Each structure stands twice: as structure tokens, then as C-alpha cells.
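1. What follows is a predicted structure for the sequence shown.
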Amino acid sequence: MAHSKSAKKRVKQNEKARLRNKSEKTRMRTQTKKVLKLMQVGEDMEKITKEYRLAIKYYDVASKHGLIHNRQADRRKSRLTTKLNDYVTKQNEK
């Protein structure tokens, strides 16, 4: 338990930051799942591309705010892009 006034304030600040970080990470993961699900269902490319761009944006924001490392954001974006490119290739073959 915090005893000093500054320590008590710090506890409050940490809790607010934790909730903010949790929400941002959840948003990032949810958006990724949404893109993957749209590809699995076979939606039109316009809708998938829109959601894909949002996912990339959320990765960049999380990286900028220090929630995930820059290279981890790049790696996740790269993997998602590869999956999207594979999906496009399969669609063009049909």
C-alpha cells in the first residue's frame, strides 16, 4: 500500500495507463482477427482492404505509444500483409 501522497497519485496514474494500454492492445488484436475472418469468409476486397488499413494503423499507434516494440509492429504488419497477398493470389486464380 502506498503511504506518501506522491505514491498514491502514482498508483492512480498507473491504473489509468494500464486500462488505456489494455484497450489499445485489445483494439489492435480485434482488428487483426476481423481482417482474418473476412478473408476466411470470402468478403469483397474493398471491405477487406478497408479493415486491413485500420489494422496497420492500430499497429503503428501501439508502436508509437510504446505498447509494442517497433520491430514487433513491423513483423505483425508483414505477416498480415503476406496473408492478404496470399488471399488475393488465390482469388485471382479462381
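-> On my side now, so go ahead.

2. so residue 67 makes contact with residue 24?
-> Yes: Residue 67 is within contact range of residue 24, at 5.9 Å (criterion: C-beta atoms under 8 Å). Where C-beta positions appear, they are placed from N, C-alpha and C, glycine not excepted.

3. Pick out the residue nearest the middle of this protein.
-> The centroid of the chain falls nearest to residue 28 when counting by C-alpha atoms, centre = their mean (2.2 Å).

4. buried set for the host helix or strand of it?
-> Secondary structure assignment for residue 28, by DSSP states H and E: helix 5-41. Neighbour-count burial for helix 5-41 flags 24, 28, 31, 32, 35, 36, 38, 39 (criterion: 16 or more other C-beta atoms under 10 Å).

5. Confirm for me that the fourth one is in contact with residue 80.
-> Yes: with contact taken as C-beta under 8 Å, residue 32 and residue 80 are classed as touching, separated by 6.4 Å.

6. Identify the contacts common to these two.
-> residue 55 (C-beta atoms under 8 Å, 6 or more residues apart in numbering).

7. Distance of residue 4 relative to residue 69?
-> Between residue 4 and residue 69 the distance, using C-beta to C-beta, to the nearest Å, works out to 33 Å.

8. And for residue 14?
-> 21 Å.

9. got it, and residue 91?
-> 33 Å.

10. just residue 21 next, same as before
-> Relative to residue 69, and taking C-beta to C-beta, residue 21 is found at 14 Å.
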